[in-house]
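K.L.:
I need the structure of the sequence given here:
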Amino acid sequence: MSSRRTIAGFTAVMIVLTVVYYARPGWHIAIWTAIGTVSAAAVAAGVVRNRPRRKLPWLLLAGGIFAFAMGDTTYLFLTDVLGHPQPFPSLADLIYLGLFFPLAAAGMIGLARTSAAGRDRASLLDALALTVGLGLLSWLFLIDPYVRADDLTWVQKAISIAYPLFDVLVLAILTRLVISMRLTPAVLLMATGGVGMLVADVLYGFSRLGIGAAWLMGGPIDIGWIVFYAAWGAAALHPSMVALTDPRVPARSGLTVRRVVLLALSTLVAPVVLIVQAVRDDGRYVGISALVAAVMFLLVLARLYGAVSGYRGVVSRERALREAGAALVSASDAGEVTEAVRDAVGRLLPAGLPHRVVLALDEPSPSTPVGSGVRFVYTASLDPGLAARLGHIEVAARCPLVVTAGTLFVAAEETTLATLREAIEVLAAQAALALDRIGLAWEITQRRSQEYFRTLVRNNSDAILILDAGDRIRYASPSAAEMFGADPLPGTPVLDLLDPPSRVLAGRMLDLLRAGERGTTQDDWVALGPDGARVQVEVSCRDLRAEPTVAGLVLTMRDVTERRRLEQELTHRAFHDSLTGLANRVLFHDRLQQALGRAARNGTMVGVLFIDLDDFKVINDTMGHACGDELLVAAAQRLAAELAGGDTAARLGGDEFAALVEDARDPEEVEIVAQRVVAAFGKPYLIGDSVVNGPASIGIATTAEAIDGDDLLRQADLALYVAKGAGKGQWRRYQAALHNQVRDRLELRAELDQAVADRSFVLQYQPIVDLRTGAAAGLEALVRWQHPTRGLLGPGRFIDVAEESGLIVPIGDWVIERALADAADWGGPAGPYVSINVSARQFSDPGFVDRTLRRLAEGALPADRLVLEITETLLLRDDERVRHDLARLRQAGIRVAIDDFGTGYSSLSYLRKVPADVLKIEKSFIDAVSTQPRQRALVEGILRLAHTLGLTVVAEGIEEEADRAALVAAGCRYGQGFLFRRPMNHPDVLTWLADAPVAA
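P.N.:
Numbering: from 1, shown residues only. Sure thing, here's the model as predicted:
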């Protein structure tokens, strides 16, 4: 049933009941009870039917109406049935004051608080002013007479005063509703019912006081209460009743003419009463009238202050809106517009108030036409997604945008939000204009961009092709002619422009694109360029069949031939050595990890070879870096040649190489590879016009001992360290025992430090004799280490450690000092000379020459009796300082001997220019000189060359008498070796010199 029919039915029932009430006085109790019950039921039915936002106030009113009806029924029962003439006080008064008054007051206050009136402080002040004025009149005419009545008890007075006080409260609440709310049917009906009850109560009060005609009792007065029942029941049934508790915007609270007149009449009540009292010379109500006038004055001041505060709020909102307008003018997209709107709302609302702002740029619903203004809605009634964005705050202001599609939602506390209705409308309008401006600017930019991109496409070096449904070219940009050698004709299959391998790849990619499995894809194809040249192109494919302006597949092709070549070159450089072309350290480690994974799966073994070229620094220093690089390249080629196809050769840096041996069955296979590499490196190299030797030391490690890749590399490095300690051209495989060797070497180095400090060395001397007579020509000083636990150690046990650590310098200085002191005891100025070995590192130490000359000057040994033996390695260096130091020594009278002649890299070519006096032929040339003709011929050649250059020759390592005789026959005068005497201590030297023949 419609609301109109329901209200009409209710009205008809009330009219019928009213007619019966007056037509049948005997039915008063039943009919009056029915009137009140029907009214309360109508209010409850209205709550169920219309479902207001707040149901409790209406239910309280329904309870109050029913209580009022029960009070009337009780009163009628007492008077009409029991015959009590106007009982006072009675049970009816208890029902009125105990039930009706609290329930009705609570319901009306609830309506006032939850309706728009609860958000309008100005209307509250206006209602209070009117209430105070009417309250004064009520005091004068209703309350004060009861107070002054002498025939009433204090209980009767209190009850009599409560009725007009409740009427004043009802008047205040109704006034506030009427002032604040829009005059909907429900509001008008509530006001009508309240006025009816007020009039009836006033008339009833007058009749009780004896004021007015007696006929008013029981008849016309009841009309007011019937109007009260009917009006409030109809108000609850009318659909507009929901507006009383809905989030509605209150009516304007400004000082309109109606409100000014109302305030004026209210404030004039007290002065008029005072004037009347002054005319009557009645001073009874001067005090109360003055108090009411003061209260009125304060209310008016509060009202004016509220108006001023409201004006300041309006100014603040206008300033915030101006700032928002400036921000919206500079906004360039919807995101910036939304951000500007959010900032503006944040400035409009009180600081710290929770709120949410959503600018929904979608089509407004048909029920909310564009430009319809602000409406309050429940967020629960909105789309769930939108409600979530609004933070599920209960009430939101909804304002559709003008000009453009969209809606502005602002969710916040209802009372504060209601005051921003006009500001939200203005903000929404500004946002709409900004969005419309952005849209127009975007459209203009799009049109300009089309022209811009059309120009770019025409002048772009990338070829752009649009394909139809059959992968045929529908459009080709001008740059396609340069890429393919001719402008592709429309209808040409795009696959015909590619080489055969790329056609399969391109066809599969286009099929996937058309099937929707990819929206965009990118790949490299090979196109057929001018004259059939192969052009590597980077192709980007995009499905734009849904775009009306394109309606096809778009291919963007870029010539990347040169870029791919550079990328491949850079990739190769990143993983390969630039000089030798071998794998570098990074690639070697990567392949090692892969090899370890394969070996774990296949059950095979992986071996690593660390290779270091012996004496590479000598070649690099003597022959130059160019020759050194040439030697590295040649060594790399030999290394690669000795490895199997699946193995990896790498250069780790400097003269360090590595080899990765895969798929080995046992360590012996890796050792065989190492033997081949050592043999290959042991062969002489032809570098430029010179033949040089480049032996290598190799350290081997296999997965038989290693746990992982790092362990494998560490073991190979340790094995290389041991191999280099064993001499040149050696290889060693890592074994657990190597740890002991390395530890022993480290301990030896630490003990050598202490030995240098304690001078725990001794010198032994080996004679250099005249091969014909056996007479002593000189003695070579040989250092020995008197170790506290290992005994007497020869130089082979510690000299290489001393070289590595640099301790060779202090050891060598001690040898020179001791040898000069001992040689002074060998027969005076005519005695044999002393020959002392000087290492390259010792000779290169700054101050060596000065220290040697100073010690020689401090001793008693003539300079010509000192011979310093140096290696070919030192002489081969192209070092000006070395030549200068040798010249200083020889100028001082000291002779220089070349030790171990024949083991260098160009032993014969440098003799003519080196500053030397003695040439010592290495033992390997002397062995078997008596039995091998070629060996003897070689020695004879060296002797002739040395004699031609004026050099004295000493043969080393003579152990056989036949070798001595052969050397004498060849013209060699001096020699040394075990054949003549083993090394001996200084006292033994003195004894031997006493018995030895004297040199001629």
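
K.L.:
quick one, phi/psi of residue 693?
P.N.:
Phi and psi for residue 693, reported as degrees, to the nearest 10, are phi -100, psi 140.

K.L.:
neighbours of the closest residue to it other than its chain neighbours, how many?
P.N.:
In space, residue 693 comes closest to residue 684 once its chain neighbours are excluded; the distance is 5.5 Å by Cβ to Cβ, 6 or more residues apart in numbering. Backbone N, C-alpha and C define where each C-beta goes, glycine included. Residue 684 has 11 neighbours, counted by other Cβ atoms under 10 Å.

K.L.:
surely residue 44 touches residue 62?
P.N.:
Yes - the criterion here is Cβ atoms under 8 Å, and residue 44 meets it with residue 62 at 4.7 Å.

K.L.:
residues bridging contact with these two, i.e. touching both?
P.N.:
Common contact partners of residue 44 and residue 62 (Cβ atoms under 8 Å, 6 or more residues apart in numbering): residue 236.

K.L.:
looking at these two, which is more packed in?
P.N.:
More crowded of residue 44 and residue 62, by other Cβ under 10 Å: residue 62, with 24 against 20.

K.L.:
excluding its backbone neighbours, what's nearest that one?
P.N.:
Leaving aside its chain neighbours, residue 62 sits nearest to residue 43 (3.9 Å; criterion: Cβ to Cβ, 6+ apart).

K.L.:
distance check, residue 61 against residue 106.
P.N.:
Distance, residue 61 to residue 106, using Cβ to Cβ, to the nearest Å: 9 Å.

K.L.:
what do you get for residue 922?
P.N.:
Separation of residue 922 from residue 106 (Cβ to Cβ) stands at 126 Å.

K.L.:
contacts only, for residue 196.
P.N.:
223-228, 231.

K.L.:
for residue 358, what are phi and psi?
P.N.:
According to degrees, to the nearest 10, residue 358 has phi -130, psi 130.

K.L.:
show me where the stretch 601-750 of the chain has its helices.
P.N.:
Assigned by DSSP state H, counting those that start in this stretch, the helices in the stretch 601-750 of the chain fall at 616-623, 625-642, 667-682, 709-725, 738-758.

K.L.:
using a markdown table, lay out those helices together with mean neighbour count and mean pLDDT.
P.N.:
What follows is the helices of the stretch 601-750 of the chain, written out as a markdown table (neighbours: other Cβ atoms under 10 Å; pLDDT from 0 to 100):
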| stretch | mean neighbour count | mean pLDDT |
| --- | --- | --- |
| helix 616-623 | 19 | 77 |
| helix 625-642 | 18 | 90 |
| helix 667-682 | 18 | 91 |
| helix 709-725 | 20 | 86 |
| helix 738-758 | 14 | 75 |
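
K.L.:
most centrally placed residue in the chain?
P.N.:
For the chain, residue 335 is the residue whose C-alpha lies nearest the centre (Cα atoms, centre = their mean; 24.1 Å).

K.L.:
which stretch of helix or strand covers that one?
P.N.:
Remark: residue 335 resides in helix 334-348, with elements defined by DSSP states H and E.

K.L.:
which strands or helices does that helix pack on?
P.N.:
Secondary-structure packing of helix 334-348 (3 or more Cβ pairs under 8 Å, 6 or more residues apart in numbering; DSSP states H and E): helix 286-330, strand 356-360, helix 421-459.

K.L.:
pull out the buried positions in the second one.
P.N.:
The neighbour-count criterion (16 or more other Cβ atoms under 10 Å) identifies 356-360 as the buried residues of strand 356-360.

K.L.:
looking at those, which is nearest residue 428?
P.N.:
Lowest distance from residue 428 to the buried residues of strand 356-360 (Cβ to Cβ) belongs to residue 359, with 8.9 Å.

K.L.:
how much space between that closest one and residue 816?
P.N.:
For residue 359, the distance to residue 816 (Cβ to Cβ) stands at 96 Å.

K.L.:
for residue 26, same thing?
P.N.:
From residue 26 across to residue 816, the span is 156 Å (Cβ to Cβ).

K.L.:
who has more neighbours, the two?
P.N.:
With neighbours defined as other Cβ under 10 Å, residue 26 and residue 816 compare such that residue 816 has more, 21 against 8.

K.L.:
surely that one and residue 834 touch.
P.N.:
No - shown here, residue 816 and residue 834 do not form a contact pair, counting by Cβ under 8 Å, at 9.4 Å.

K.L.:
state the helix or strand in which the closest residue to residue 108 other than its chain neighbours lies.
P.N.:
Closest residue to residue 108 apart from its sequence neighbours, by Cβ to Cβ, 6+ apart: residue 173 at 4.5 Å. Element membership for residue 173 (DSSP H and E) is helix 154-180.

K.L.:
hmm, back to that, the helix holding residue 335: which residues count as buried?
P.N.:
Within helix 334-348, the residues that count as buried by 16+ other Cβ under 10 Å are 334, 337-338, 340-342, 344-345, 348.

K.L.:
just the closest of the residues you listed to residue 947, please.
P.N.:
For the buried residues of helix 334-348, the nearest to residue 947 is residue 334 (103.7 Å; Cβ to Cβ).
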